[in-house]
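Undergrad: 3D, please:
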Amino acid sequence: METKFEYELQSKGQIVFVTEGDSMMPMLHQHKDVVVIKSVAEPIKKYDVVLFKRPTGEYVLHRVIKCCGCGEYKIAGDNRAFSEIVPEGWIIGILSEIIRDGIHIAAHSPEYKAYTKKLPLRRFKLKVKRYLSAIKRRLKKH
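TA: As a prediction, the model looks like this:
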């Protein structure tokens, strides 16, 4: 079933909304940043931020961390240690720009690209933190 997001993308070519949640911190600040999502016109590549719709109807804006081939992508929030495999058919749009405090930051700008270069280290730190937390919980049980 087509919803407002899909309709706007088809009719206007883009959607604009304020972000919710903390899964894309520190790049996106919840309830503060405005994102512009465009229809997917080019092949999706690593580090693109895509808007997809899960079969449950939930919309998610996360980053592609790996193109798996066969029309699937490994996707995760910048503030999450876990990822999920998303089929191409779920993806409805791609981040074009962020608007923060009236300043437009394009997804192809030097500032944005500098941020994406730091992502592998950030993901590694999140995984280590998650692993250490799990060990701490196990030790508390004993």
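
Undergrad: report the longest helix in the protein, please.
TA: With DSSP state H applied, the helix covering the greatest number of residues in the chain is identified as helix 119-141.

Undergrad: in it, what's buried?
TA: Neighbour-count burial for helix 119-141 flags 119, 123, 126 (criterion: 16 or more other C-beta atoms under 10 Å). Heads up, the C-betas are built off the backbone N, CA and C, glycines and all.

Undergrad: okay, the residue positioned nearest the centre of the chain and Trp90: tell me how far apart.
TA: By C-alpha atoms, centre = their mean, the mean C-alpha position of the chain lies nearest to His62, the distance being 1.5 Å. His62 sits 11 Å away from Trp90, going by C-beta to C-beta, to the nearest Å.

Undergrad: and which of the buried residues of helix 119-141 is nearest Val50?
TA: Out of the buried residues of helix 119-141, the one with the shortest distance to Val50 is Leu119. That distance is 14.8 Å, counting by C-beta to C-beta.

Undergrad: which ones are touching that closest one?
TA: Each residue near Leu119 by C-beta atoms under 8 Å, 6 or more residues apart in numbering is listed here: 47, 63, 65, 78.

Undergrad: buried subset of these?
TA: Buried among the contacts of Leu119 (16+ other C-beta under 10 Å): 63, 65, 78.

Undergrad: can you report how many residues neighbour Ser96?
TA: Using other C-beta atoms under 10 Å, the number of residues around Ser96 comes to 19.

Undergrad: right, I'll leave it there.
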